[in-house]
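Student: give me a model of this one.
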Amino acid sequence: MNEIHLFGKRIISDECPVLFDYKPDENWQKYFNVIRGEWKYEDGWLVGKENGNFGGIMLTKEWYDCNVMFSFTGATVLPATRDLNALFNARIDEKNNYLGLSYVCGLNGWYEHKSGIEKNDPSLNPYNLLHASTTSYQYVPGEEVRMTCGSVDGHCFMLVNGQLVTELHDLDPLLGGYVGFSPYCTIMKVKDFEIRKIVWETFEQTYDPEF
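Tutor: Predicted coordinates for the structure are as follows:
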């Protein structure tokens, strides 16, 4: 993947500096904080489990001040089938020790196996959140996929196996934050993490006549 074409933007992947490159091992807690749920290392994966109607939150210890692109390999752990979720530009709600303002990127989520991106805001009713989702991409439970997500000043995006699935424009963007995962009432496993600082340029788009 050399370039990612968004609406009006081109991310030049090969020029994006790598900020974090990690394959999980027994020392994973050196890099991540568990906020909620159960997390463990197992055979090259980090496995997260949350039984309740909550997200099992795990976030990087490092705060990233720049626009970042987060890639990883992930899968649900059968019989769990839903909510393979990643987080970026994430904050912690210190009062409730839970997820604060954040972008949530997910597969087989939102109760109807949707894929999309949402701006989590604890001050809002969940049905009033900024949200974009689709049923056109259907994740196969248990299948390993390569996901990439991130934001360019609030222009959020999610790719699965190199294909763009969702874009979301936030006019009140989150800038900076932690990166991590949120298995919501499910079990997921993740590995091969890479965080890059986004390098992008304006992408002029026009139509040529078709007839």
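Student: where in this protein is pLDDT low?
Tutor: Within the chain, the segments meeting pLDDT under 70 span 1.
Student: so which residue is dead centre in it?
Tutor: Nearest to the geometric centre of the chain sits Ala86, at 3.1 Å (Cα atoms, centre = their mean).
Student: so in terms of bridging, what pairs with that residue?
Tutor: Cys105, Phe181 (DSSP bridges).
Student: same thing with Arg196?
Tutor: Val18, Met69.
Student: pull the number of nearby residues for it.
Tutor: 23 (other Cβ atoms under 10 Å). All C-beta atoms are positioned from the backbone trio N, CA, C, and that covers glycine.
Student: what's the answer for Asn2, then?
Tutor: 8.
Student: kindly report the same for Phe7.
Tutor: Using other Cβ under 10 Å, Phe7 has 11 other residues around it.
Student: just Pro126 next, same as before
Tutor: That count, for Pro126 with other Cβ under 10 Å as the rule, works out to 11.
Student: again with the one 3 residues further on
Tutor: The number of residues packed around Leu129, counting by other Cβ under 10 Å, is 12.
Student: which residues does it contact?
Tutor: Counting by Cβ atoms under 8 Å, 6 or more residues apart in numbering, Leu129 makes contact with 118-121.
Student: hmm, which of those residues are the buried ones?
Tutor: 118-121 (16 or more other Cβ atoms under 10 Å).
Student: from those, which ones fall inside helices?
Tutor: Using DSSP state H, no member of the buried ones among the contacts of Leu129 sits in helices.
Student: I'd guessed Ile4 sits against Cys16; true?
Tutor: No: Ile4 is beyond contact range of Cys16, at 9.6 Å (criterion: Cβ atoms under 8 Å).
Student: neighbouring contacts of stretch 164-173?
Tutor: Applying Cβ under 8 Å, 6+ apart, the set of residues contacting stretch 164-173 from outside is 4-7, 89, 103, 105, 115-117, 119, 130-134, 137, 151, 153-159.
Student: try 10 Å
Tutor: 4-9, 67, 89, 103, 105-107, 114-119, 121, 130-134, 136-137, 139, 147-149, 151-160 (Cβ atoms under 10 Å, 6 or more residues apart in numbering).
Student: buried among those residues? Make that a PyMOL selection.
Tutor: Remark: buried members of the contacts of stretch 164-173, expressed as a PyMOL selection using 16+ other Cβ under 10 Å:
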select buried, resi 4+6+9+67+89+103+105+106+107+114+115+116+117+118+119+121+130+131+132+133+137+139+147+148+149+151+152+154+155+156+157+158+159+160
